[in-house]
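1. quick one, fold the following:
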Amino acid sequence: MNKFEKEKRVIERHIQGKTIRQIAPEVHKNFSDISKIIKAYERKKELEAKIKLRNQSSQPKKPPISTQAFKLFRDGIKLTDVAIDLEIPADKAEKLWSQFLRLERMEDCYEFYQDHSYDIPTFLSINNFIKRNNVSGNNITNVLRKANDVNNLNQTFSNLKAEIEKLKQTKNNYLLNKNTNYLPQLLPLGLPKYYYEQL
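-> All right, here's what the predicted structure looks like:
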């Protein structure tokens, strides 16, 4: 073997895990020369590793999925398109969307959408009415606050109407039976006390 072949054989045996003592008889070199060859090889490998690492660090790293998603959301890309472009499952896309809204301080809007998505057409109609008629938001709020009172008034009105009908019936009974001695027995139950006092 020539010099280059011997150096190659030393490196091969070193990579295989052979010791200098085991390599020496095969290449007919002393321990010192074999040690120099091995050290030179190790320095070369170390330098190659450093160069490779430097090249990797100089290449732009791909940002994480969350960063990519946030950029797309910020650019107005739809949730479905973001999930498709980034090849992520729907639940992860929704989680990232929710995080994005929280960062933008819009999570209340998203929660409102989740809770009232079916009512949005009605809300939009109310909004259009407000704009067309120049009604202030405070006025609408006051109307909605009074809505419960309106319901209560309607119920009270119905109750009073029914009571008036009962009183009319009582009056008719009284007129029909005013000459009889059995008036108290003919009066319906629940007749106000003052009717009896007037008899």
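2. contacts, neighbours, all on C-alpha from now
-> Noted.
3. so where's the chain shaky on pLDDT?
-> Flagging of the chain using pLDDT under 70 yields the residue ranges 57-60, 107-108, 110, 113-114, 117, 137, 143-148, 150, 178-199.
4. how does it divide into domains?
-> 3-58, 65-104, 137-198 (automatic domain parsing).
5. of these, which approaches residue 131 most closely?
-> domain 137-198 (9.8 Å; CA to CA).
6. which parts of the longest helix along the chain are buried?
-> Criterion DSSP state H: the longest helix present in the chain is helix 137-176. For helix 137-176, burial by neighbour count (16 or more other CA atoms under 10 Å) applies to 170, 174.
7. and that helix, what does it pack onto?
-> Applying 3 or more CA pairs under 8 Å, 6 or more residues apart in numbering; DSSP states H and E, one finds that helix 137-176 contacts no other helix or strand.
8. from residue 115, how far out is the residue sitting nearest the centre point of the chain?
-> Closest to where the C-alpha atoms of the chain average out (CA atoms, centre = their mean) is residue 98, at 3.6 Å. Distance, residue 98 to residue 115, by CA to CA, to the nearest Å: 14 Å.
9. re the thing from before, any chance of the domains of the chain in a markdown table, plus distance to residue 120?
-> Converted to a markdown table, the domains of the chain look like this (distance: least, CA to CA, whole Å):
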| stretch | distance to residue 120 |
| --- | --- |
| domain 3-58 | 50 |
| domain 65-104 | 19 |
| domain 137-198 | 17 |
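10. which strand or helix spans the residue nearest to the centre of the chain?
-> Residue 98 is located in helix 90-103, with elements delineated by DSSP states H and E.
11. what's that helix packed up against?
-> helix 65-74, helix 79-86, helix 107-116.
12. buried set for the second one?
-> Buried residues in helix 79-86, counted by 16+ other CA under 10 Å: 79, 82, 83.
13. and which of those is nearest to residue 61?
-> Of these, the one sitting nearest to residue 61 (CA to CA) turns out to be residue 82, at 20.1 Å.
14. so that closest one touches residue 69, yeah?
-> Yes - counting by CA atoms under 8 Å, residue 82 does reach residue 69; the two are 6.5 Å apart.
15. who touches both of the two?
-> Counting by CA atoms under 8 Å, 6 or more residues apart in numbering, the shared contacts of residue 82 and residue 69 are residue 93.
16. would CSV of the helices and strands packed on helix 90-103 with distance to residue 136 be doable?
-> Formatted as CSV, the helices and strands packed on helix 90-103 follow (distance: least, CA to CA, whole Å):
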stretch, distance to residue 136
helix 65-74, 32
helix 79-86, 34
helix 107-116, 21
